[in-house]
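A.B. asks: sequence and predicted structure, then a few things I'm wondering about:
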Amino acid sequence: MITYATYFATACFGLGFLMNLWKIATAEGVGDRVLALDTMVINAIALMILYGLSRSTEIFFEAAMIIAMLGFVSTVAYARFMLRGNIIE
Amino acid sequence: MDLVLEILIAVFLVIGGIFGLVGSFGLIKLDDAMSRLHAPTKATTLGVGGVLIASMLHAYAYEGHLSWHELLITLFLFLTAPITANFIAKAHIHRHETPDSLPVAGEDLKWATHDIAPEKKKSDSAPTDRS
């Protein structure tokens, strides 16, 4: 039962990942692209956790933690770039 | 393995997957840029939270001890999602809205992105637009 639930959740998040890629490709503004990238990072975290859950390893949690931190920092950097035109003044 | 625990893990996984899918679908479905902001920051974060709780219970069921890594990631995501949403909304106001197109802020001051802070207004030396 857990196996099929994991398959279902992986399919959902993979589909969401593809939707975010589509949004990044077809968005009309920079803000939408940054938002889609932020969502893509969250979906990538979920996919890594699900892979680690199906393999029963704990290695992927550290990787997911690092990706979460880097995703947050990159989103903030993009938002500052949209606001000010440069990142570090 | 305990059947109740197995059902609980499966339910958390399914709920998390549905929330993640709804969040990503709302990103391409909704029309307005500011309503598009709602879907990923709320629904997707909740979906990841469900998956992480399922992973915690899974570690408890198979290895006998709760693993706290997932709770750390959940906490971090729940803390950072509003901050990124605030940043993106601020950038949107800065780029796409004028002071006339926004609703009234409800205070003496205007919206923070467009208005000068009061102490700077007295000295009248700070530039309004730093972009």
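C.D. replies: Okay, I see it. Numbers count the residues shown, from 1 in each chain, chains lettered A, B, ... in the order given.

A.B. asks: touching, B:Gly49 and B:Thr74? I think so.
C.D. replies: Yes - with contacts defined as C-beta atoms under 8 Å, B:Gly49 counts as touching B:Thr74 at a distance of 5.2 Å. Backbone N, C-alpha and C define where each C-beta goes, glycine included.

A.B. asks: now A:Ile42. Nearest residue, chain neighbours left out?
C.D. replies: B:Thr44 (5.0 Å; C-beta to C-beta, 6 or more residues apart in numbering or on different chains).

A.B. asks: contact partners for the one you found?
C.D. replies: Counting by C-beta atoms under 8 Å, 6 or more residues apart in numbering or on different chains, B:Thr44 touches A:Gly16, A:Thr39, A:Ile42, A:Asn43, B:Phe19, B:Gly20, B:Gly23, B:Ser24.

A.B. asks: I'd like those laid out as JSON lines, including secondary structure and pLDDT.
C.D. replies: Below are the contacts of B:Thr44 laid out as JSON lines (DSSP: H, G, I helix; E, B strand; the rest coil; pLDDT from 0 to 100):
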{"residue": "A:Gly16", "secondary structure": "helix", "pLDDT": "91"}
{"residue": "A:Thr39", "secondary structure": "helix", "pLDDT": "91"}
{"residue": "A:Ile42", "secondary structure": "helix", "pLDDT": "91"}
{"residue": "A:Asn43", "secondary structure": "helix", "pLDDT": "92"}
{"residue": "B:Phe19", "secondary structure": "helix", "pLDDT": "92"}
{"residue": "B:Gly20", "secondary structure": "helix", "pLDDT": "91"}
{"residue": "B:Gly23", "secondary structure": "helix", "pLDDT": "90"}
{"residue": "B:Ser24", "secondary structure": "helix", "pLDDT": "90"}
